[in-house]
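Q: 3D, please:
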Amino acid sequence: MRAAHLFETRDLLNIRLFLGVGHPTKPQVTQDFLKTLGGRWKPVVAGSDAHRFEDYSVFPGGKAGWIKADTTFAGLKQCTVDPIGRVFVGSEPPKLRHVADNSTKYIERIRVRKVAGTGFAENWFACDIALNPGMIAIIGNRGGGKSALADILALAGNSHCLSYEFLNTRRFKKPADNKALHFEAILTWANGDDVTVSLASDAQVDQPERVRYLPQQYLEQLCSDVGTEGRTTLEEELRKVIFSHVPLAKRLGFSTLDEVVRYRTEQAEEHAAGVRYKLSQINLELAELESLVTAEAAASLKAQIQLKETELAAHDARRPAAAEAAIARGQGEDAALVQEMDELSRQAEVTQLELDRGRHDQSRLEAAAAAAQRIVQRLRNIEGDIRRAIDDAADDAESAGMDVERLVSYRVD
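A: Numbering: from 1, shown residues only. Predicted structure coming up:
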């Protein structure tokens with residue numbers, strides 16, 4: 001087993017072990033098998049085992065051997081380097097099945113030729129290139145036509161990219177000598193549809209983009225944007241890629257990821273805004289309370305108390321001594337006058353108390369009136385918010401087959 005380069009088998013467990021997929025329940029078996037093979041996974045094949053010409057292409061159990069490589073000995077050798085990526089045993093490889101199920105998304109070939117009847121003498125393009133459905137790398141020397149081929153594929157696939165490497169006015173489409181006018185490309189999709197475009201044409205941005213193209217200059221711009229403030233070109237491109245993988249039903253009729261996210265999160269954002277407002281009010285109240293317990297606030301209150309004590313002491317010091325003596329004696333010619341003054345003073349205090357009570361009641365009524373006005377305004381705001389919410393939900397309710405006016409009822413007394 002160590003000396004062999006490939007094996008023939010149709011047994012699924014053996015195929016898994018040879019290709020390195022592993023034993024489904026016993027991982028230690030996988031490691032032991034790898035040691036038996038000599039430390040590297042090896043490809044497996046399965047032939048028709050036919051003994052008659054009419055039995056060719058008839059495979060036992062429908063399990064045929066598939067090889068993804070050039071039809072050369074070098075291609076066969078490549079299978080020993082990447083067995084799991086190059087060989088398959090079964091009725092049909094998953095990739096071919098996927099292509100058949102999505103034939104409008106895979107390019108089968110690209111042809112470039114001169115426009116019929118053109119008198120242009122230069123021979124720039126005359127090619128017919130078949131493309132495989134896997135990853136394709138265009139390899140060649142500088143000036144060998146790599147950018148030209150990539151640009152032509154993008155143009156024929158109606159890529160909305162506006163920055164081509166070769167098909168631009170600085171190179172192949174110079175206004176004074178527009179060579180692109182004399183050439184056309186025919187792109188064939190896997191479902192057999194042909195699309196013919198002039199190399200001098202531009203993408204039809206009002207039509208679906210069937211090929212996504214990121215030329216080198218665009219990639220350099222994406223990389224240079226990394227670390228800059230605001231939404232970058234890279235982020236915009238990532239959003240486009242993410243949106244392209246969102247199932248059509250979940251796009252909800254929108255054309256961008258931002259629109260879907262905005263629609264999905266609009267109500268949650270409104271709720272979050274309300275929570276943020278309440279939090280800001282609590283923070284203001286907390287800041288006010290914290291300002292009262294600081295050392296500066298305590299010192300200020302202490303100073304105010306001391307000031308009032310000083311004012312009280314000064315007021316007591318100016319109390320008339322004669323009146324105190326007369327009150328102490330309770331007799332003399334000033335006693336009646338003192339009593340009358342005391343009565344007037346008492347009446348004045350009663351009047352002052354009534355004035356203070358009136359001012360307090362007035363302040364309380366003013367506060368109640370202001371609070372009532374705030375309540376009325378708040379109720380009006382709530383009523384307006386409810387009305388706007390009903391109006392905003394009308395389209396969604398209609399899409400859901402419901403009458404929003406019958407879903408919501410409210411009353412403001």
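
Q: CA only for contacts and neighbour counts going forward, please
A: Fine.

Q: beyond the helix of greatest length in the chain, next helix or strand please.
A: Ranked by residue count under DSSP state H, the longest helix found in the chain is helix 335-399. Next helix or strand after helix 335-399 toward the C-terminus (DSSP states H and E): helix 404-407.

Q: neighbours around residue 65, how many?
A: By other CA atoms under 10 Å, the residues close to residue 65 number 21.

Q: how about residue 107?
A: By the criterion of other CA under 10 Å, residue 107 has 23 neighbours.

Q: which one is it nearest to, not counting chain neighbours?
A: Nearest residue to residue 107, sequence neighbours excluded (CA to CA, 6 or more residues apart in numbering): residue 189, at 4.4 Å.

Q: so the one you found is in contact with residue 108, correct?
A: Yes - assessed by CA atoms under 8 Å, residue 189 is found in contact with residue 108 at 5.2 Å.

Q: which residues of the stretch 51-200 of the chain fall in strands?
A: For the stretch 51-200 of the chain, the strands defined by DSSP state E, counting those that start in this stretch occupy 64-67, 87-90, 107-114, 127-130, 173-174, 177-178, 183-189, 194-198.

Q: can you redo these as TSV with distance to residue 42?
A: Shown next, in TSV, are the strands of the stretch 51-200 of the chain (distance: least, CA to CA, whole Å):
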stretch	distance to residue 42
strand 64-67	13
strand 87-90	10
strand 107-114	30
strand 127-130	29
strand 173-174	50
strand 177-178	53
strand 183-189	34
strand 194-198	40
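
Q: can you tell which of those strands is closest to residue 27?
A: Each of those has some distance to residue 27 by CA to CA; the shortest is strand 87-90, at 21.8 Å.

Q: pLDDT (mean, whole number) over that closest one?
A: Averaging pLDDT along strand 87-90 yields 92.

Q: cool, and stretch 129-143?
A: 88.

Q: thinking again about what came up before, which elements pack onto the longest helix of the chain?
A: Identification of packing neighbours for helix 335-399 by 3 or more CA pairs under 8 Å, 6 or more residues apart in numbering; DSSP states H and E yields helix 321-329, helix 404-407.

Q: which stretch in the ones you listed has the least confidence?
A: helix 321-329 (a mean of 55).

Q: mind checking pLDDT for residue 210?
A: pLDDT, residue 210: 92.

Q: what's the closest non-adjacent residue to it?
A: residue 157 (5.2 Å).

Q: wait, the one you found sits on residue 213?
A: No - Residue 157 is beyond contact range of residue 213, at 9.3 Å (criterion: CA under 8 Å).

Q: the more surrounded of the two?
A: residue 157 (24 against 21).

Q: and that one, how far from residue 9?
A: Between residue 157 and residue 9 the computed distance is 42 Å (CA to CA, to the nearest Å).

Q: I'd like the distance between the residue nearest to residue 165 when sequence neighbours are not counted and residue 73.
A: In this structure, residue 165 finds its nearest non-sequential neighbour in residue 147, 6.1 Å apart by CA to CA, 6+ apart. Using CA to CA, residue 147 is found at 31 Å from residue 73.

Q: higher neighbour count, the two?
A: residue 147 (18 against 9).

Q: quick one, grab the pLDDT at the more buried one.
A: For residue 147, pLDDT reads 90.

Q: would you map the helices across this structure?
A: Counting by DSSP H, the helices of the chain are 12-19, 27-37, 73-81, 83-86, 94-101, 146-156, 216-225, 233-244, 257-292, 295-317, 321-329, 335-399, 404-407.

Q: please identify the most buried of these.
A: Here the criterion is mean neighbour count by mean count of other CA atoms under 10 Å, and of those the winner is helix 146-156, at a mean of 21.

Q: could I get that one in CSV with only the CA atoms?
A: Coordinates of the C-alpha atoms in helix 146-156 are reproduced here as CSV (Å, rounded to 0.1, in the frame of the first residue of the first chain):
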residue,chain,number,x,y,z
LYS,A,146,-4.8,38.5,-18.5
SER,A,147,-6.5,41.8,-17.7
ALA,A,148,-8.1,41.9,-21.1
LEU,A,149,-9.6,38.4,-20.7
ALA,A,150,-10.9,39.3,-17.2
ASP,A,151,-12.4,42.6,-18.4
ILE,A,152,-14.1,40.9,-21.3
LEU,A,153,-15.6,38.3,-19.0
ALA,A,154,-16.9,41.0,-16.7
LEU,A,155,-18.3,43.1,-19.6
ALA,A,156,-20.1,40.1,-21.2
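
Q: list the contacts of that helix.
A: Contact partners of helix 146-156, identified using CA atoms under 8 Å, 6 or more residues apart in numbering, comprise 110, 138-140, 164-167, 185-187, 195-197, 199, 202-203, 211-213.

Q: tell me what angle that helix forms with strand 183-189.
A: 70 degrees (axes from the mean of the first three to the mean of the last three CA atoms, to 10 degrees).

Q: tilt between helix 146-156 and strand 107-114?
A: 110 degrees.

Q: so how far is helix 146-156 off the chain centroid?
A: Distance of helix 146-156 from its chain centroid, counting by CA atoms, centre = their mean, to the nearest Å, is 30 Å.

Q: if we can go back for a sec, which pLDDT does the model give the residue nearest to residue 107?
A: 96.

Q: one more: the one 4 residues further on?
A: The model reports residue 193 with a pLDDT of 95.

Q: wait, which of the helices of the chain is closest to residue 250?
A: helix 257-292 (8.5 Å).

Q: quick check: end-to-end length of stretch 395-408?
A: 15 Å.

Q: how far does that stretch sit from its chain's centre?
A: Distance, centroid of stretch 395-408 to centroid of chain: 29 Å (CA atoms, centre = their mean).

Q: cool, and stretch 58-73?
A: The chain centroid and the centroid of stretch 58-73 are separated by 43 Å, computed with CA atoms, centre = their mean.

Q: I'd like the mean pLDDT over that stretch, please.
A: For stretch 58-73, the per-residue pLDDT averages 88.

Q: buried set for that stretch?
A: 59, 63, 64, 65, 66, 67 (16 or more other CA atoms under 10 Å).

Q: I'd guessed residue 6 sits against residue 41; true?
A: No - with contact defined as CA under 8 Å, residue 6 does not reach residue 41; the gap is 9.4 Å.
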